[in-house]
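Colleague: what follows is a predicted protein model with its sequence.
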Amino acid sequence: MADTRQRLIDGTIETIRTHGLGGTTARSIAATAGVNQALVFYHFGTVHDLLRAACLAATQARVAPFAERLGQVTDLRQLLALGRALHADERARGNVTVLAQMLAGAQADPELAEATATALQLWITPIEDALTRLLADSPVAEAIDTVGLARAMSAGFVGLELYEGVDPEGSQTALDALDRLAVLIEVVDDLGPIALRALRGKLRKTTKKVR
């Protein structure tokens with residue numbers, strides 16, 4: 001029974017890749033999974049519930065090894081390099097297509113939107129943890145909201161994954177710009193004590209004005 005459920009989940013993701021969300025029906029999922037169509041409803045109740053389960057299960061499977069690699073990252077440039085590698089891997093696997101379809105479908109479907117947001121949060125949480133750890137001793141830590149930054153980075157990579165399909169060169173330029181920002185923070189971290197005190201004072205004043 002567990003094997004059938006997994007085949008249906010895998011079949012759902014593959015069907016979205018090949019037929020899009022509009023072509024993902026009980027019949028097409030069952031055909032891809034190689035099972036009887038009735039099993040879709042037996043195990044998940046509705047196609048909609050299967051879509052939600054597949055979205056979460058597929059994301060959990062991808063996040064687990066990514067989170068483990070994140071734990072080995074020691075600076076922001078390594079974090080961005082890992083993001084680049086993940087970006088390339090997700091496109092090669094066809095997962096960017098799945099993400100695009102889920103995001104498009106979520107615009108008019110609150111339940112699908114909730115499932116997609118939950119799946120995205122699975123990516124965001126380990127990124128937030130890594131940013132908090134990497135920036136803990138940085139002079140810019142006081143001025144950076146790591147919760148918001150993790151979401152901004154995640155949203156940025158989602159956008160770049162979709163953008164690359166129409167402008168690969170532009171997507172590469174955007175990734176290079178992120179690398180230069182990481183270098184800038186490293187330069188700030190290496191400032192002498194007097195410069196660091198002046199910078200922290202300026203950042204505190206600026207942060208108060210923004211708030």
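Modeller: Looks like it arrived, so ask away. Numbering: from 1, shown residues only.
Colleague: okay, domains of this protein per the record?
Modeller: The chain breaks down by automatic domain parsing into domains covering 1-45, 56-210.
Colleague: distance from stretch 161-173 to the middle of the chain?
Modeller: Centre-to-centre, stretch 161-173 and its host chain are 16 Å apart (C-alpha atoms, centre = their mean, to the nearest Å).
Colleague: that older thread, which of the domains of the chain sits most buried?
Modeller: Each of those was assessed for mean neighbour count using mean count of other C-beta atoms under 10 Å. The highest is domain 1-45, with a mean of 17. The way it works is simple: take the backbone N, C-alpha and C, and place the C-beta from them, glycine included.
Colleague: and the helix or strand encompassing residue 122, average pLDDT?
Modeller: Secondary-structure assignment from DSSP states H and E places residue 122 in helix 110-134. Averaging pLDDT along helix 110-134 yields 91.
Colleague: tell me the angle of the helix or strand following that helix relative to helix 110-134?
Modeller: Note on helix 110-134: by DSSP H and E, the next helix or strand toward the C-terminus is helix 146-163. Helix 146-163 and helix 110-134 meet at an angle of 120 degrees, taking axes from the mean of the first three to the mean of the last three C-alpha atoms, to 10 degrees as the criterion.
Colleague: output the contacting helices and strands for helix 146-163.
Modeller: helix 76-93, helix 95-106, helix 110-134, helix 168-189 (3 or more C-beta pairs under 8 Å, 6 or more residues apart in numbering; DSSP states H and E).
Colleague: in TSV: those helices, plus distance to residue 26.
Modeller: Formatted as TSV, the helices and strands packed on helix 146-163 follow (distance: least, C-beta to C-beta, whole Å):
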stretch	distance to residue 26
helix 76-93	24
helix 95-106	16
helix 110-134	16
helix 168-189	36
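Colleague: out of these, the one nearest residue 21 is which?
Modeller: helix 95-106 (4.2 Å; C-beta to C-beta).
Colleague: how far off centre is that closest one?
Modeller: Here helix 95-106 is found 12 Å from its chain centre; the criterion is C-alpha atoms, centre = their mean.
Colleague: contacting residues around that helix?
Modeller: 13, 16-17, 20-21, 55, 58, 62, 90, 112-113, 115-117, 119, 158, 161-162, 164-165 (C-beta atoms under 8 Å, 6 or more residues apart in numbering).
Colleague: please apply the same query to stretch 59-68.
Modeller: Applying C-beta under 8 Å, 6+ apart, the contact partners of stretch 59-68 are 82, 86, 90, 95, 119-120, 122-123, 126.
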